[in-house]
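Trainee: Show me how the following folds:
(one chain, ligands or ions: 1)
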Amino acid sequence: MNGVRGRDGAPGAQVRVRASGKLNLALGVGRRQPDGYHPLATVFQAVSAFEDVTATYAEGVSVTVSGLHADLVPLGEDNLAIKAARLLAEATGIEAAVHLHLHKGVPVGGGMAGGSADAAAALVACDALWGTELNRDQISELAALLGSDVPFAMHGHTAVGRGRGHLISPAMTRGSYHWALGLRRNGLSTPRVYAAFDALIGDAAPDEPHLDAELMRALRSGNAVALGAALSNDLQPAALELAPHLAETLALAEDAGALGVVVSGSGPTVAALAADGDQAVAIGSAMLAAGVVDDVLCVTGPVPGARVVHGIDQAPQADDEW
Ligand code: ATP
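Mentor: Predicted coordinates for the structure are as follows:
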């Protein structure tokens, strides 16, 4: 260790933070506004595909990456974890001095906001490492500056997102849900999917998208069958236009017994809701056997937002706490 230290910590101190990827159980998209953004009404669920971010004191700010699709992640200043560290340093007047190691469990470019999870985790990790004394609300305000999905990555669990998806309010839910996720290594660019949405739907989209009451009711009562029937995504037709093969994946998961299927966010990840963990594995196996996906993840949700799992002077906590 090089002896660099922040306001509060010791040289060599390390903090590990875990944040998770998200699914959009519903994604209502409104008409493109003059500022270029689309108003959203979405229900996020954080699922057990995790990003583990380890922050260590170092000269300057740097990043390394391991895990799922690690070779697809930029290592320069455009990495969202680096942006988060720099923003926190700038906002607090603390010297930016950290090495960030990202261990990825969320597919890159998969519509599951793994980069946003890294940004949220880096904020929480650097906050603990540098002892900034910001409270959680202040950190969440910084999160919104980094991207529309970052506030939810801070929050976790199940929540409604409005505005650009950044205005978060908790959703009342019961129970735990099992998902089989069909992954593609070739991601879909979110701006391209929105452009395809504009071309397909354009002015026919509402100014204020609304959320299906049935979906909220299903979540409140813990009714997985009703939730499966209520899954929706206004971006799905646009994602299918850009990646027609997704139609086969959706149909296959449905035939394999899924309670409901939906493209997650801007895709191309396909989320299939299962009745239990065994059925999720069976649906995932069917997708893999048919060769319609490159990989499969079986996850549960909801899980918490970005939080320290191994802090300064703190013993590692068991993973099963999640
Ligand atoms: P979006 O949030 O744009 O909808 P996504 O959820 O589909 O994206 P992400 O894996 O979050 O997918 O990232 C999309 C792009 O952001 C990647 O292709 C990559 O170039 C860039 N990126 C920047 N930082 C990261 C990071 N830490 N992890 C992954 N991708 C990153």
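Trainee: show me what contacts P268?
Mentor: G110, G111, R184, N186, G187, L188, A239, A243, L246 (C-beta atoms under 8 Å, 6 or more residues apart in numbering). Where you see a C-beta, it was placed from the backbone N, CA and C, and this is true even at glycine.
Trainee: Got phi/psi on it?
Mentor: Note on P268: backbone dihedrals following degrees, to the nearest 10 are phi -90, psi 10.
Trainee: what's the nearest residue to it if we skip its chain neighbours?
Mentor: If the residues on either side of it in the chain are set aside, P268 comes closest to R184, at 4.4 Å by C-beta to C-beta, 6 or more residues apart in numbering.
Trainee: For that neighbour, give me phi and psi.
Mentor: Torsion angles, degrees, to the nearest 10, at R184: phi -120, psi 140.
Trainee: Surely it is in contact with G110?
Mentor: Yes - with contact taken as C-beta atoms under 8 Å, R184 and G110 are classed as touching, separated by 7.4 Å.
Trainee: Of the contacts of P268, just say which sits nearest to the ligand.
Mentor: The ligand has its nearest neighbour among the contacts of P268 in G111, at 4.5 Å by C-beta to the nearest ligand atom.
Trainee: Just give the number of residues close to the closest one.
Mentor: Neighbour count of G111, defined by other C-beta atoms under 10 Å: 29.
Trainee: Show me what from the stretch 201-322 of the chain comes close to the ligand.
Mentor: For the stretch 201-322 of the chain, the contact set with the ligand under C-beta under 6 Å from any ligand atom comprises G265, S266.
Trainee: Contacts only, for whatever residue of the stretch 151-300 of the chain ends up closest to the ligand.
Mentor: At 3.8 Å from the ligand, T190 is the closest residue in the stretch 151-300 of the chain, using C-beta to the nearest ligand atom. Shown in contact with T190 (C-beta under 8 Å, 6+ apart): G111, G265, S266.
Trainee: and if we set it to 7 Å?
Mentor: The neighbours of T190, taking C-beta atoms under 7 Å, 6 or more residues apart in numbering as the test, are S266.
Trainee: Quick check, pLDDT for it.
Mentor: What the model reports for T190 is a pLDDT of 91.
Trainee: next one: phi and psi at it?
Mentor: Dihedral angles (degrees, to the nearest 10) for T190: phi -60, psi -50.
Trainee: which ones are touching the closest residue to the ligand within the stretch 1-150 of the chain?
Mentor: Residue of the stretch 1-150 of the chain nearest the ligand, by C-beta to the nearest ligand atom: G115 (3.0 Å). Neighbouring residues of G115 by C-beta under 7 Å, 6+ apart: L80.
Trainee: before we move on, the earlier item: please identify which of R184 and G110 sits among more neighbours.
Mentor: More neighbours surround G110 than the other of R184 and G110, with 28 against 22 (other C-beta under 10 Å).
Trainee: follow-up on the earlier one: can I assume the residue nearest to P268 is in contact with V293?
Mentor: Yes - using C-beta atoms under 7 Å, R184 is in contact with V293, at 6.4 Å.
Trainee: what about the stretch 201-322 of the chain, any weak spots by pLDDT?
Mentor: Along the stretch 201-322 of the chain, the parts satisfying pLDDT under 70 run over 313-322.
Trainee: show me what contacts V150?
Mentor: S116, A119, A120, A143, A144.
Trainee: so the nearest residue to it once chain neighbours are set aside is in which element?
Mentor: Of all residues not flanking V150 in the chain, A143 sits nearest, at 4.1 Å (C-beta to C-beta, 6+ apart). For A143, the host element (DSSP states H and E) is helix 136-146.
Trainee: Now that helix: buried residues?
Mentor: I139, S140, L142, A143, A144, L146 (16 or more other C-beta atoms under 10 Å).
Trainee: same thing with stretch 203-218?
Mentor: For stretch 203-218, burial by neighbour count (16+ other C-beta under 10 Å) applies to A205, P209, L211, D212, L215, M216, A218.
Trainee: Equivalent analysis for stretch 245-257, please.
Mentor: L246, T249, L250, L252, A253, A256.
Trainee: Of those residues, just say which sits nearest to A26.
Mentor: Nearest to A26 among the buried residues of stretch 245-257: L250, at 16.1 Å, using C-beta to C-beta.
Trainee: ok, what's across the strand from the closest residue to the closest one other than its chain neighbours?
Mentor: Nearest residue to L250, sequence neighbours excluded (C-beta to C-beta, 6+ apart): V261, at 4.8 Å. Beta-bridge pairing for V261 (DSSP bridges): A272.
Trainee: Quick check: the gap between V261 and A19.
Mentor: According to C-beta to C-beta, to the nearest Å, V261 and A19 sit 25 Å apart.
Trainee: looking at it, S264 is touching G111, isn't it?
Mentor: Yes - using C-beta under 7 Å, S264 is in contact with G111, at 4.5 Å.
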